[in-house]
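K.L.:
Coordinates for the following, if possible.
(one chain, ligands or ions: 1)
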Amino acid sequence: RQAERGGYAHFMLKEIMEQPDVWGDCLLGRTEGDRVVVEELGLTETQLEQVRRIQVVAAGTAYHAGLIGKALIERLARIPVDVAVASEFRYQDPVLQRGTLVMAVSQSGETADTLACINLARQQGMPTYALVNTVGSTIARESDAVVYTHAGPEIAVASTKAYTTQILVLTLLALALADVHGRPRPDLVRSLLTLPKMGADILAEMEHIEDMASRLSTNRDVFYIGRGLDYALAMEGQLKIKEIAYIHAEAYAAGELKHGTLALIEDGTPIVAIVTEDSVAEKSISNILEVKARGAEVWAIVDDRLKTRVPVDHLIPIRVPNALLAPALAALPLQMLAYWTAVKCGQDVDQPRNLAKSVTVE
Ligand code: G6P
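P.N.:
Alright, predicted model coming up:
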């Protein structure tokens with residue numbers, strides 16, 4: 001077992017650490033100069049041209065990747081994206097308009113609710129598209145088109161490398177849609193190719209996170225806050241720590257704090273803040289100051305350029321090439337924080353109680 005884990009104590013740690021390599025595999029051959037090779041995404045240019053709207057259906061971590069994808073596609077390609085939890089969508093009698101691409105995001109490709117959404121879309125004559133990790137899985141087979149994340153087998157129940165590769169493929173899709181729809185966009189492709197190296201650098205500087213996690217592990221409840229992409233990341237961060245450390249966690253859009261949650265902040269309340277979105281960084285920083293003023297203890301994952309501006313108790317600075325490319329990088333310390341917190345809590349990291357890797361029955 002130790003050998004299978006590549007010398008790591010847990011599959012989750014192995015899968016976190018292999019992300020830089022896996023990202024390289026995921027991106028390989030999918031770009032050319034500053035362009036995305038459209039066919040590598042499993043769709044033709046004509047199919048992309050016809051997309052007027054995207055409906056993402058997914059569960060768990062894949063749902064959170066969908067939220068990142070929504071922000072990227074809307075900002076870069078100006079195409080509206082809705083993201084639904086599959087178990088809700090399938091029973092909602094959803095309105096699907098012509099020109100909508102129904103896209104399933106799934107690591108296993110076997111999640112029953114997500115599959116049901118694809119079948120429902122097909123019955124309504126909608127084009128379906130699968131972003132999955134497991135080659136030949138049911139969702140991949142049942143969808144009209146498929147793109148793989150190429151993350152390799154993910155064994156730990158808590159998803160890590162599948163999530164970040166889903167983000168990378170969604171980034172490629174956003175760039176391809178922008179080009180096909182004639183939207184001017186920044187040249188992100190070359191920066192995208194630097195992510196494996198940047199991710200490796202971040203992972204090489206994670207020794208301090210074990211101590212930070214020790215401290216976090218003494219709490220029963222923790223809030224995760226952020227804005228924009230950072231809020232979507234916060235949602236994944238809070239799920240991770242719930243899943244494996246069994247610590248109750250909640251993600252809040254930082255600007256919503258004052259509409260309720262601020263009432264819960266008192267001396268010592270733990271908060272994990274994420275600040276990588278430069279366009280809203282000032283706003284997030286003022287939210288951090290608000291919770292600090294009420295005595296909160298703050299762990300913060302911040303863009304290196306902002307680190308002197310964020311007065312927190314536990315600082316995790318990361319270098320990012322561009323705010324739109326920050327999510328996969330910022331996910332690394334979030335995963336590490338959850339991992340070490342679970343270890344400090346003495347939990348079974350790879351096999352959390354009551355959870356399954358793949359939920360193939362309702
Ligand atoms: C289970 C797993 C999660 C995963 C979710 C969706 O709950 O424990 O880690 O995010 O299913 O799985 P999928 O294979 O569809 O991505």
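
K.L.:
What parts of the chain come near the ligand?
P.N.:
With CB under 6 Å from any ligand atom as the criterion, the chain meets the ligand at residues 59-62, 106-108, 111, 114, 157-159, 355, 357-359. For glycine as for every other residue, the C-beta is placed from the backbone atoms N, C-alpha and C.

K.L.:
Residues touching the helix or strand where I288 lies, excluding its own?
P.N.:
In the assignment (DSSP states H and E), I288 maps to helix 281-293. Contacts with helix 281-293, where a contact means CB atoms under 8 Å, 6 or more residues apart in numbering, come from 225-227, 230, 254-255, 257-258, 262, 265, 269, 271, 273-275, 277, 298, 300, 303, 306, 309-312.

K.L.:
Output the contacting helices and strands for whichever helix or strand comes after it.
P.N.:
Counting by DSSP H and E, the next helix or strand C-terminal to helix 281-293 is strand 297-303. Identification of packing neighbours for strand 297-303 by 3 or more CB pairs under 8 Å, 6 or more residues apart in numbering; DSSP states H and E yields helix 208-216, strand 270-275, helix 281-293, strand 314-318, helix 326-344.

K.L.:
Now those in a markdown table, please, with extra columns for mean neighbour count and mean pLDDT.
P.N.:
Shown next, in a markdown table, are the helices and strands packed on strand 297-303 (neighbours: other CB atoms under 10 Å; pLDDT from 0 to 100):
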| stretch | mean neighbour count | mean pLDDT |
| --- | --- | --- |
| helix 208-216 | 17 | 95 |
| strand 270-275 | 27 | 97 |
| helix 281-293 | 18 | 95 |
| strand 314-318 | 19 | 96 |
| helix 326-344 | 26 | 98 |
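
K.L.:
Which stretch among these approaches I167 most closely?
P.N.:
Each of those has some distance to I167 by CB to CB; the shortest is helix 326-344, at 4.8 Å.

K.L.:
how about the CA coordinates for the closest one, as PDB?
P.N.:
The C-alpha atoms that make up helix 326-344 are tabulated as PDB, following Å, rounded to 0.1, in the frame of the first residue of the first chain:
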ATOM      1  CA  ALA A 326      -5.200  31.700  -9.700                       C
ATOM      2  CA  PRO A 327      -7.900  29.100  -8.900                       C
ATOM      3  CA  ALA A 328      -5.900  26.000  -9.600                       C
ATOM      4  CA  LEU A 329      -2.900  27.400  -7.700                       C
ATOM      5  CA  ALA A 330      -4.900  28.700  -4.700                       C
ATOM      6  CA  ALA A 331      -6.600  25.300  -4.500                       C
ATOM      7  CA  LEU A 332      -3.200  23.700  -3.500                       C
ATOM      8  CA  PRO A 333      -2.800  25.400  -0.100                       C
ATOM      9  CA  LEU A 334      -6.600  24.900   0.500                       C
ATOM     10  CA  GLN A 335      -6.200  21.200   0.000                       C
ATOM     11  CA  MET A 336      -3.000  21.100   2.100                       C
ATOM     12  CA  LEU A 337      -4.700  22.900   4.900                       C
ATOM     13  CA  ALA A 338      -7.600  20.500   4.900                       C
ATOM     14  CA  TYR A 339      -5.300  17.500   4.600                       C
ATOM     15  CA  TRP A 340      -3.100  18.500   7.600                       C
ATOM     16  CA  THR A 341      -6.100  19.500   9.700                       C
ATOM     17  CA  ALA A 342      -7.600  16.100   9.100                       C
ATOM     18  CA  VAL A 343      -4.300  14.400  10.000                       C
ATOM     19  CA  LYS A 344      -4.000  16.500  13.200                       C
END
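
K.L.:
now the angle between strand 314-318 and it, please.
P.N.:
140 degrees (axes from the mean of the first three to the mean of the last three CA atoms, to 10 degrees).

K.L.:
Could you count how many residues lie near I68?
P.N.:
The tally of other residues near I68 (other CB atoms under 10 Å) stands at 27.

K.L.:
How much space separates it from D144?
P.N.:
As for I68, its distance to D144 is 23 Å (criterion: CB to CB, to the nearest Å).
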